[in-house]
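# sequence and predicted structure are below.
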Amino acid sequence: MATQQELDFNFNEDQMRLKIRALEQTLEKIYLGGGKARIEKHHESGKLTARERIAALLDPNTASFEVGGLAGHDMYPEHGGCPGGGVVIMVGYVSGRQCIIVANDATVKAGAWFPITGKKNLRAQEIAMENRLPIIYLVDSAGVYLPMQEDIFADKEHFGRIFRNNAKMSAMGITQIAAVMGSCVAGGAYLPIMSDESLIVDKTGTIFLAGSYLVKAAIGEDIDNETLGGATTQTEISGVCDYKVEDDSACLLKIRDLVSRIGHQEKVGFDRIASIAPSRPPKDAYGLLPTDRSKPYDTRALLQTIVDAESLSEYKPEFGKTLITSYARIDGWSVGIIANNRTVVKNAKGEMQFGGVIYSDSADKAARFIMLCNQKKIPLVFLHDVTGFMVGSKSEHGGIIKDGAKMVNAMANSVVPKFSVVIGNSYGAGNYAMCGKAYDPRFIVAWPTAEIAVMSGAAAAKTLLQIEVSKLKAKGEIIDPEREKALLDEIKARYDAQISPFYAASRLWIDAIIDPIETRKVISMGIEMAAHQGSIAEYKVGVLQT
């Protein structure tokens, strides 16, 4: 007969599998881009889709990681949606070199740029610049989506920032290769030409500041697009592009050849030994993480599904127990792990401390551990399941704000690469202290069980309900228990939708929602990526209250 622990494990596992399947079904729809009909039309014109181009470009049977696959999910319904943000971004291997690839999806509004498209493209360039990673652009875009031009054109983090980054990356010596594989118009025409080398596909690729219709309207000249800015024009007459290629396949082969010739650069010497499988199967994470997010669980057991076997070496294990700080290895890489401990513990005074809450002693320990990892050039991995910092008079008198600020200061000034994995709750200042999006993690990913918000749905709904009821009563309205419950349910449903990992991923607050078993791969690829930056700056922290 199964024990209660085994029954709980099996129930948690089933619920996690359901969440993973829901994620897979959502991604399957997104991968269709603008739909099967538009994909077929794409093929009829002799072109591969964005995902087909990337698949052909990457080295076969090698690891890859998609950034922002859920970007734009359930956004812009009044404009017909923008699956994947209209662009596909992949970190993978081309001719044995780790690269980042940016491919416009022309089946989505002809590859036009929505606001989320701009944000996603800038995220790709940010990754390339932080890690000095070669970047490959597969261009097939109609340019700015005009009905939303005010949200994509003029601001600092809008369309124009792309070309500013092209220039900056060129000055930094970061390889940029651009292939015009379809439309490339107006301001977008500058991207391939501001890259180091550019290719254009014959008969399907065109590049010009204004198409034939606009030219006719502006200056009265009658000309077709191919003559105006096709492959022959831009390689043989203007010299704008460097290589004319026959078709998509030939273009991708040429890119692979160009990448194979890039010289090797000095790398940061992050320590790595032979990889060892975890002591617990990675799929055990499915059953270890409770479906009820308020329940405690064995965080150390969960860590054993992620790190190499026998590699955990805890720092101050008997102090600041609501945070686990530990040296470990992931796929052979030396890492420093900071994880919220979700078990209920006792401090040295015998006082009970809630799991998932950061207390003064935990924050103090984490700050010192972060400094040690920076001193030793050890990448940091943050595993979020945090409800926030401890509140109340005792904590305030003990200086919780001071100790929390110390942890944030040490983390924010880190010069080693940081990676964040949101496995459960990530609320309020706890999100910040555990290296949320605002603190420049190289990758930030979430499990399907993640929740990201100022506070939990239940707590927020009760707070918002009090505000709403007060407003209604001030107007003289009578609020009976039945109406109050209806208001609470409505507020909670709205808030719960906003704390979902899908909501976060659609807005690029996180890079991806991943199956827990992918955690090791994502962190390993991320550290390899970060090693390309060549050197680590001197670690300095600001003024600390002690």
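In hand now; what should we look at?
# and the helices in the stretch 51-200 of the chain?
For the stretch 51-200 of the chain, the helices identified by DSSP state H, counting those that start in this stretch occupy 115-131, 160-172, 190-193, in order along the chain.
# in TSV: those helices, plus mean pLDDT, mean neighbour count and distance to Ile337.
C-beta: built from backbone N, CA, C; applies to glycine. What follows is the helices of the stretch 51-200 of the chain, written out as TSV (pLDDT from 0 to 100; neighbours: other CB atoms under 10 Å; distance: least, CB to CB, whole Å):
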stretch	mean pLDDT	mean neighbour count	distance to Ile337
helix 115-131	97	21	21
helix 160-172	94	16	31
helix 190-193	86	21	39
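# what would those helices look like in CSV with distance to Lys462?
Written out in CSV, the entries for those read as follows (distance: least, CB to CB, whole Å):
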stretch, distance to Lys462
helix 115-131, 32
helix 160-172, 41
helix 190-193, 49
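# His397 is nearest to which of these?
Closest approach to His397 among the helices of the stretch 51-200 of the chain (CB to CB): helix 115-131, 40.5 Å.
# about what we covered before: out of the helices of the stretch 51-200 of the chain, flag the one nearest Ala366.
It is, among the helices of the stretch 51-200 of the chain and with distance given as CB to CB, helix 115-131, at 23.1 Å.
# just checking, what packs against the closest one?
Contacts defined by 3 or more CB pairs under 8 Å, 6 or more residues apart in numbering; DSSP states H and E place helix 115-131 against strand 65-67, strand 87-94, strand 97-104, strand 135-141, helix 160-172, helix 519-530.
# the third one pairs with which strands, and in what direction?
Note on strand 97-104: by DSSP bridges, its sheet partners are strand 87-94 (antiparallel), strand 135-141 (parallel).
# out of the ones you listed, deepest packed?
Highest mean neighbour count among the strands paired with strand 97-104 (mean count of other CB atoms under 10 Å): strand 135-141, with a mean of 27.
# for that one, give the mean pLDDT please.
Per-residue pLDDT values across strand 135-141 average out to 96.
# one more: stretch 439-451?
When pLDDT is averaged over stretch 439-451, the result is 97.
# so how far is it off the chain centroid?
On the basis of CA atoms, centre = their mean, to the nearest Å, stretch 439-451 sits 7 Å off its chain's mean C-alpha point.
# and that stretch, end to end?
The stretch stretch 439-451 measures 18 Å between its terminal residues, going by CA to CA, to the nearest Å.
# which of the residues in that stretch are buried?
439, 441-451 (16 or more other CB atoms under 10 Å).
# for this protein, what's the longest helix?
Selection of the longest helix in the chain by residue count, based on DSSP state H, yields helix 4-30.
# alpha carbons of the helix-or-strand element of the chain with minimal mean pLDDT, in CSV - could you do that?
Least confident element among the helices and strands of the chain, by mean pLDDT, DSSP states H and E: helix 457-474 (a mean of 77). What follows is helix 457-474, C-alpha atoms only, in CSV (Å, rounded to 0.1, in the frame of the first residue of the first chain):
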residue,chain,number,x,y,z
GLY,A,457,-3.1,36.1,-5.9
ALA,A,458,-4.9,35.5,-2.6
ALA,A,459,-3.2,38.2,-0.7
ALA,A,460,-3.4,40.8,-3.5
ALA,A,461,-7.1,40.0,-4.1
LYS,A,462,-8.0,40.6,-0.5
THR,A,463,-6.1,43.9,-0.4
LEU,A,464,-7.7,45.1,-3.7
LEU,A,465,-11.1,43.9,-2.4
GLN,A,466,-10.8,46.1,0.7
ILE,A,467,-10.0,49.1,-1.6
GLU,A,468,-12.9,48.3,-3.9
VAL,A,469,-15.4,47.8,-1.1
SER,A,470,-14.4,51.0,0.6
LYS,A,471,-15.0,52.9,-2.7
LEU,A,472,-18.5,51.4,-3.2
LYS,A,473,-19.5,52.0,0.4
ALA,A,474,-18.4,55.6,0.1
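# residue ranges with poor pLDDT in the stretch 151-300 of the chain?
Within the stretch 151-300 of the chain, not a single segment meets pLDDT under 70.
# quick one: the strands in it?
Assigned by DSSP state E, counting those that start in this stretch, the stretch 151-300 of the chain shows strands spanning 176-185, 197-201, 206-208, 243-245.
# please apply the same query to the stretch 401-546 of the chain.
Taking DSSP E, counting those that start in this stretch as the criterion, the stretch 401-546 of the chain carries its strands at 418-427, 443-446, 451-453, 512-513.
# any idea of the mean pLDDT in the first one?
Same thing as strand 418-427. The pLDDT scores in strand 418-427 average 96.
# can you check the last one too?
Computed over strand 512-513, the mean pLDDT rounds to 98.
# repeat for stretch 516-526
When pLDDT is averaged over stretch 516-526, the result is 98.
# touching it from outside, list them.
Judged by CB atoms under 8 Å, 6 or more residues apart in numbering, the contacts made with stretch 516-526 from elsewhere in the structure are 16, 63, 65, 91, 98, 275, 278, 282-283, 285-286, 289, 305-306, 330-333, 335, 381, 417, 419, 421, 423, 442-443, 445, 447, 512, 514.
# need the buried ones from those selected in ChimeraX.
Command for ChimeraX, covering only those of those found buried under the criterion 16+ other CB under 10 Å:
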select :16,63,65,91,98,278,282,285,286,289,305,306,330,331,333,335,381,417,419,421,423,442,443,445,447,512,514
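# related to what we said a few turns ago, next one: the least confident helix or strand of the chain to chain centre, how far?
Relative to where its chain is centred, helix 457-474 has its mean C-alpha point 33 Å off (CA atoms, centre = their mean).
# number the chain from 605, please
Got it, first residue is 605 now, which makes that one helix 1061-1078.
# quick one: list the elements packing against it.
With contacts defined as 3+ CB pairs under 8 Å, 6+ apart, helix 1061-1078 has these neighbours: helix 1085-1103.
# buried ones in stretch 889-900?
Neighbour counts over stretch 889-900 (16+ other CB under 10 Å) mark 889-894, 897 as buried.
# is it possible to get a markdown table of the residues you listed that adds distance to Lys772?
Formatted as a markdown table, these follow (distance: CB to CB, whole Å):
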| residue | distance to Lys772 |
| --- | --- |
| Ala889 | 39 |
| Tyr890 | 43 |
| Gly891 | 47 |
| Leu892 | 44 |
| Leu893 | 41 |
| Pro894 | 46 |
| Arg897 | 42 |
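# now, which of those residues sits nearest Asp1093?
Within the buried residues of stretch 889-900, the smallest distance to Asp1093 is 19.0 Å, found for Arg897 (CB to CB).
# for the closest one, phi and psi?
The phi/psi pair for Arg897 (degrees, to the nearest 10) reads phi -70, psi -10.
# now do the contacts for it.
Listed by CB under 8 Å, 6+ apart, the contact set of Arg897 reads 1028-1029, 1053, 1055, 1060.
# and which of those is nearest Val819?
Glu1055 (52.3 Å).
# sorry, back to before: now what about whichever helix or strand comes after the longest helix of the chain, what contacts it?
The first helix or strand that comes after helix 608-634 along the chain, using DSSP states H and E, is helix 640-648. Counting contacts by CB under 8 Å, 6+ apart, the residues outside helix 640-648 that touch it are 636-637, 652-653, 710-711.
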